[in-house]
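S.K.: Quick one, structure for this:
(one chain, ligands or ions: 3)
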Amino acid sequence: MVGMKPRFLNFLILIVPFVEVINSLVERADMFRFGRVNNDTEYMGHHVYRAVPLTQGFKYFNTVYNTLYIHDQGIISFKDEPLSMTPRCEQSSDPAIYPFWAHNLATIEGQIFYRQTNNSIETAKASDEVNIAFPRLGPLRMQWVLIVTWEDTTPHGNMAECVMANNTFQAILTTDGVYSFVIVYYNQIQYTTDHFLGPDCSTDNVRGHARVGINFGILNQYLNVQGSCTRSIANIGHSTNVCWPGKYVFKVEKFVPFFEILPLSS
Ligand SMILES: *[C@@H]1O[C@H](CO)[C@@H](O)[C@H](O)[C@H]1NC(C)=O
Ligand SMILES: *[C@@H]1O[C@H](CO)[C@@H](O)[C@H](O)[C@H]1NC(C)=O
Ligand SMILES: *[C@@H]1O[C@H](CO)[C@@H](O)[C@H](O)[C@H]1NC(C)=O
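M.R.: Numbers count the residues shown, from 1 in each chain. Ligands and ions are numbered 1, 2, ... in the order given. Take a look at the predicted model:
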């Protein structure tokens, strides 16, 4: 029987990163309104990325962008080029936001939605988040938001006969014309990896754990949320930089020392 023990432990270690189930932290009812019923655009396809012409310029680390790019693998970038499906954690010169860069698939069950709006319900909600996070700047009134929602996305390679895991998270870009912010809500994170499950549902081919953070794209500066690129990124929904588990807020309009893009409460 002693001989059985190491094998059992080994099995557990392989499985844990994949089935780690995290409770819903920002409830769906507390997210920004999304979905077909709210006239979102639905992202179709895989291994493609979508150019989104912006109705209002968005300043990101000293550059005003009028177009950005949504990638199904959980990235919003500012350069018209494809990015690796597998999360990379090293420095890169691509300005990009990583709400949850994994090999997210929206083609099996889940969806990715986006819409820009200046509706007062959305701008007021964004203003509230920003004013709570950065009280010394305001009160600020946001004018515009872009809401990108990854709903029930599944990991690449997931198969019906294996554990069904899905992630739901939302990234909001917002500006008042002077300051720019990124708000991220985590509703459910059940997988963290770029998976290629074998026919036996093994996780032997895990290539990398998700990256969460922002890349300035200049001077190779970037900020990775703690736990990025390790299995503990599964706990992102229990951590926060604004005293609300599952929520993150970053100030991103100009290039400043790291601590200035983070809220006071972090
Ligand atoms: C969605 O678009 C339709 C048609 O333009 C409009 O009638 C409806 O009010 C919109 N719904 C929302 C939630 O904005
Ligand atoms: C996503 O996960 C939730 C909770 O585990 C489950 O209720 C739901 O059916 C899943 N959805 C899909 C599309 O797999
Ligand atoms: C916001 O308001 C302006 C008019 O003030 C309008 O031109 C623009 O299309 C609106 N919508 C968005 C998504 O910015």
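S.K.: only C-alpha atoms for contact and neighbour calcs from this point on.
M.R.: Noted.
S.K.: which residue packs closest to Lys254, ignoring adjacent ones?
M.R.: Phe61 (3.9 Å; Cα to Cα, 6 or more residues apart in numbering).
S.K.: confidence score at the residue in the stretch 101-250 of the chain positioned nearest to ligand 3?
M.R.: Distances between the stretch 101-250 of the chain and ligand 3 by Cα to the nearest ligand atom are smallest at Thr117, namely 3.7 Å. On pLDDT, Thr117 comes in at 98.
S.K.: residues in contact with it?
M.R.: Trp144, Val145, Leu146 (Cα atoms under 8 Å, 6 or more residues apart in numbering).
S.K.: same check, this time on Leu25
M.R.: If you count contacts by Cα under 8 Å, 6+ apart, then Leu25 has Tyr186, Asn187, Gln188, Gly237, His238, Pro245, Gly246 around it.
S.K.: what's the farthest-apart pair in those?
M.R.: With Cα to Cα as the measure, no two of those lie farther apart than Gln188 and Pro245, at 11.7 Å.
S.K.: Enumerate the residues of the stretch 1-150 of the chain near ligand 2.
M.R.: Residues of the stretch 1-150 of the chain lying near ligand 2 by Cα under 6 Å from any ligand atom: Glu109, Gly110.
S.K.: can you pull out the helices in the stretch 1-150 of the chain?
M.R.: Ranges of helices in the stretch 1-150 of the chain, per DSSP state H, counting those that start in this stretch, are 4-19, 120-133.
S.K.: And those, which one averages the lowest pLDDT?
M.R.: Ranked by mean pLDDT, these bottom out at helix 4-19, which scores a mean of 29.
S.K.: That's all I had, so thanks and see you.
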